[in-house]
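Trainee: Return a 3D structure for these sequence lines:
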Amino acid sequence: MAESTSNMSDADSGTRIGDDGAVRHLVAGIELPDITLLSHRGEGVNLAKRRGAAVVYVYPWTGRPGVSDPPGWDDIPGAHGSTPETEGFRDHYLRFRSQKIEVFGVSTQSDEHQQELAARLAVPFQLLSDEMFAFQRALALPTFQAGNELYLRRLTLFIRDGILAHTFYPVERPGEHAREILDWLDEKRRVLDAG
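Mentor: Next up is the predicted model:
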């Protein structure tokens, strides 16, 4: 399967995000790095060793009630939208599971931050912390800076048995992204059924 990307607009700011080629190296067939990330449940998750299909959505940062966004956040295309994106995957989680697909969210926020988010949004899947940027470095995932901090750019990896099958980038409508992936899966099935 060749590398492919999908387009979607930053739902919060209305800005258009173009494909800048930052994930051109994330081609179908590459193995995920043998790295264990801590989940909000306190479990270690190694996506490279995981069997079956999974959606791994990578997001920059989720805010908390009463906490300001990082400096300059509003000026960065694609920065906003992590909460609606997570809610979208939460709301469609049973549809993914009915297809034997697991869902994981990854950001560089601490596992404590992930625990708060999972509890507040009633997230049924695991949120993984790449706080040390090990997963980011191993895959050369694109980043951006806000204030003095580095954040992951929003993208999604569809993996099967620890192997990358598809990359969604850029993600322009985070709140609709889970639905887009389900539509993509439906189309893949239609093509296979017709072939």
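Trainee: Tell me if residue 167 really is in a helix.
Mentor: No: according to DSSP: H, G, I helix; E, B strand; the rest coil, residue 167 belongs to no helix; its state is strand.
Trainee: Once you drop chain neighbours, what's closest to it?
Mentor: residue 26 (4.5 Å; Cβ to Cβ, 6 or more residues apart in numbering). Where you see a C-beta, it was placed from the backbone N, CA and C, and this is true even at glycine.
Trainee: Same check on residue 157?
Mentor: Counting by Cβ to Cβ, 6+ apart, residue 56 is the residue found nearest to residue 157 once chain neighbours are left out, at 4.4 Å.
Trainee: go on, residue 171?
Mentor: In this structure, residue 171 finds its nearest non-sequential neighbour in residue 154, 4.6 Å apart by Cβ to Cβ, 6+ apart.
Trainee: Equivalent analysis for residue 133, please.
Mentor: Excluding the flanking residues, the one nearest residue 133 by Cβ to Cβ, 6+ apart is residue 108, at 6.1 Å.
Trainee: Identify the single longest helix in this protein, thanks.
Mentor: Longest helix of the chain, by residue count under DSSP state H: helix 177-194.
Trainee: bridging residues for residue 157?
Mentor: For residue 157, the beta-bridge partners are residue 56, residue 167 (DSSP bridges).
Trainee: tell me, how many neighbours does residue 188 end up with?
Mentor: Using other Cβ atoms under 10 Å, residue 188 has 14 neighbouring residues.
Trainee: ditto for residue 179
Mentor: For residue 179, the count of nearby residues is 16 (other Cβ under 10 Å).
Trainee: got the contact list for it?
Mentor: By Cβ atoms under 8 Å, 6 or more residues apart in numbering, the contact list for residue 179 reads 88, 92.
Trainee: Need the pLDDT of it.
Mentor: pLDDT, the model's per-residue confidence, is 98 for residue 179.
Trainee: From residue 89, how far off is it?
Mentor: Separation of residue 179 from residue 89 (Cβ to Cβ, to the nearest Å) stands at 10 Å.
Trainee: now residue 42
Mentor: The span separating residue 42 from residue 89 equals 21 Å under the rule Cβ to Cβ.
Trainee: Which parts of this protein are helices?
Mentor: Ranges of helices within the chain are 82-91, 93-98, 111-121, 134-139, 177-194, based on DSSP H.
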